[in-house]
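Participant: Return a 3D structure for these sequence lines:
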Amino acid sequence: MNVLHVFPDEKFFDGVSNTFDKVEGITNHYIFYTPDRNYKFKFIRSQQKIRIETNKKEYYKCFSDKSIDVIFFHSLSNYYYELVLKADSKKVIIWWSWGYDLYQTNLINLELFKPLTKKSIKTLNKVGLNINESIITRVIKHLRIKNLLRRNTKIRSKVISRINYFIPVFPIEYDLIKENNFFNAQLFMERGVFRDFDESLLSHE
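Facilitator: Numbers count the residues shown, from 1 in each chain. Model (predicted):
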């Protein structure tokens, strides 16, 4: 069994990839796309197992490669939506949620902050503005983000309905996301704690 991993440059990769590497009968393909040929990882230490791909077309080909059986998404940011749709219908897709990909996309409609926290966040956002940016630059950034969110909202249901298996941070998140009628994924693990990973979940038989 061949597993293609889609992941960001974050500290979670090292521990989780080590767990996958111990599972017998599967071959892991850790491919990281970046247009920067001189890219340096900021958080990942296990860089020797990663293949860096700078050609987007070649990277896209991985998602229709007949030798790949499973595509494992280490979180599902909006930028990965297109990759889900690139996968052919024979691929099994597993989404390990990190939380932000549920709440920041409104897949789970749950109020996370109390009034005082909301007020603090609003203040921090104002302080964090780059005063050196021109008004035009800010407007362009805002419009780009707005267009991206609009596009992703439009295709979100199609993307999420393509997911075969889901791993939440907390078990209750699986019940909450199931309230979306386009979510059909089965529970792969009750929660994303990979020290308790059951190798039989990725049986190669």
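Participant: need the helices for this structure, in chain order.
Facilitator: All helices of the chain, identified by DSSP state H, fall at 12-21, 56-61, 81-86, 100-103, 115-127, 135-161, 171-177.
Participant: distance of the closest residue to Arg51 other than its chain neighbours from Ser120?
Facilitator: The shortest distance from Arg51 to any non-neighbouring residue, by C-beta to C-beta, 6 or more residues apart in numbering, is to Ile31 (5.0 Å). For every residue, glycine as well, the C-beta is placed using N, CA and C. For Ile31, the distance to Ser120 equals 39 Å [C-beta to C-beta, to the nearest Å].
Participant: Just give the nearest non-adjacent residue to Asp21, would you?
Facilitator: Asn28 (6.2 Å).
Participant: if I read this right, the one you found contacts Asn18, doesn't it?
Facilitator: No. Using C-beta atoms under 8 Å, Asn28 and Asn18 do not qualify as a contacting pair, with a distance of 10.3 Å.
Participant: The two: which has the busier surroundings?
Facilitator: A direct count of neighbours by other C-beta atoms under 10 Å for Asn28 and Asn18 places Asn28 higher, at 16 against 12.
Participant: Against Phe73, how distant is the residue nearest to Asp65 when sequence neighbours are not counted?
Facilitator: Counting by C-beta to C-beta, 6+ apart, Leu4 is the residue found nearest to Asp65 once chain neighbours are left out, at 7.7 Å. Per C-beta to C-beta, Leu4 is found 10 Å from Phe73.
Participant: Also Lys91?
Facilitator: Distance, Lys91 to Phe73, using C-beta to C-beta: 11 Å.
Participant: So between the two, which is more surrounded?
Facilitator: Phe73 (22 against 19).
Participant: which residues does that one bridge with?
Facilitator: Val6, Trp95 (DSSP bridges).
Participant: Next one, pLDDT for it please.
Facilitator: For Phe73, the pLDDT comes out at 98.
Participant: Check whether it really touches Val84, as I assumed.
Facilitator: Yes. In terms of C-beta under 8 Å, Phe73 counts as a neighbour of Val84; the distance is 7.5 Å.
Participant: anything in contact with each of the two?
Facilitator: Common contacts of Phe73 and Val84, defined by C-beta atoms under 8 Å, 6 or more residues apart in numbering, comprise Ile93.
Participant: Would you list the strands that the longest strand along the chain pairs with, along with their directions?
Facilitator: For the chain, the strand that runs over the most residues, judged by DSSP state E, is strand 27-33. If you go by DSSP bridges, strand 27-33 pairs up with strand 2-6 (parallel), strand 50-53 (parallel).
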